[in-house]
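**Q** missing the sequence, but the structure's below:
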């Protein structure tokens, strides 16, 4: 299986059942949509940002069809000026390369540095899909199992709404 073997061990340890789907590299949402068309799950866009000082990093997770500019996110998340984190920061904090950003990369954030923001609309999903730390596969898990994974990761998690200016 493509992806981080440590991730698969953790999923097994947490009794998280997953569907595995291998596909050609899918570094963008547009490319990934070609391979997701027959998969019954909510597919996500995962964005990795840093604050203007570079001392805080954020993983923002939303449904893949949602559009929101960086200035809109700054207003929603109330974390100050944001910019996309560099490839080096992505590798350092999540252990992934561009095009492979995933919340499963939190297994590599041993200091729990990354702050996670999730669009609260995702909570309506029965199943959800992410790359397994590489963009040549997608795995599908139940929403409740995703919450179990986040609890295991112990990073700070907040929910926000794309339709109202709230963060919970």
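**A** Nice, I can see it. Small disclaimer: the values here were computed from a predicted structure and weren't measured. Numbering: from 1, shown residues only.

**Q** what kind of secondary structure is residue 74 in?
**A** At residue 74 the chain is in helix, as set by DSSP: H, G, I helix; E, B strand; the rest coil.

**Q** same thing with residue 58?
**A** Strictly by three-state DSSP, residue 58 counts as strand.

**Q** got a list of contacts for the longest helix along the chain?
**A** Taking DSSP state H as the criterion, the chain has its longest helix at helix 143-153. Helix 143-153 has contacts (C-beta atoms under 8 Å, 6 or more residues apart in numbering) with 10-11, 14, 16-18, 103-104, 106-107, 109, 112, 116, 122-123, 125-128, 141, 157. Every residue, glycine included, has its C-beta placed from N, CA and C.

**Q** ok, now which ones touch residue 94?
**A** Contacts of residue 94 by C-beta under 8 Å, 6+ apart are 48, 59, 101, 102, 105, 106, 108, 109, 114, 133.

**Q** mind checking how far it is from residue 134?
**A** Here the criterion is C-beta to C-beta, to the nearest Å. By it, residue 94 lies 12 Å from residue 134.

**Q** hmm, back to that, looking at the contacts of helix 143-153, which are in helices?
**A** When DSSP H is applied, those are split such that 10, 11 fall in helices.

**Q** just the buried residues of the contacts of helix 143-153.
**A** 10-11, 16, 18, 103-104, 106-107, 109, 116, 122, 125, 127-128, 141, 157 (16 or more other C-beta atoms under 10 Å).

**Q** so which of those comes closest to residue 71?
**A** residue 116 (20.6 Å; C-beta to C-beta).

**Q** the closest one pairs with what?
**A** Beta-bridge partners recorded for residue 116 (DSSP bridges): residue 59, residue 157.

**Q** please name every helix or strand in contact with the strand ranked longest in the chain.
**A** When the chain is parsed with DSSP state E, its longest strand is strand 42-51. Strand 42-51 makes packing contacts with helix 29-36, strand 57-63, helix 70-77, strand 82-84, helix 87-94, strand 127-130 when contacts are defined by 3 or more C-beta pairs under 8 Å, 6 or more residues apart in numbering; DSSP states H and E.

**Q** that'll do, ta.
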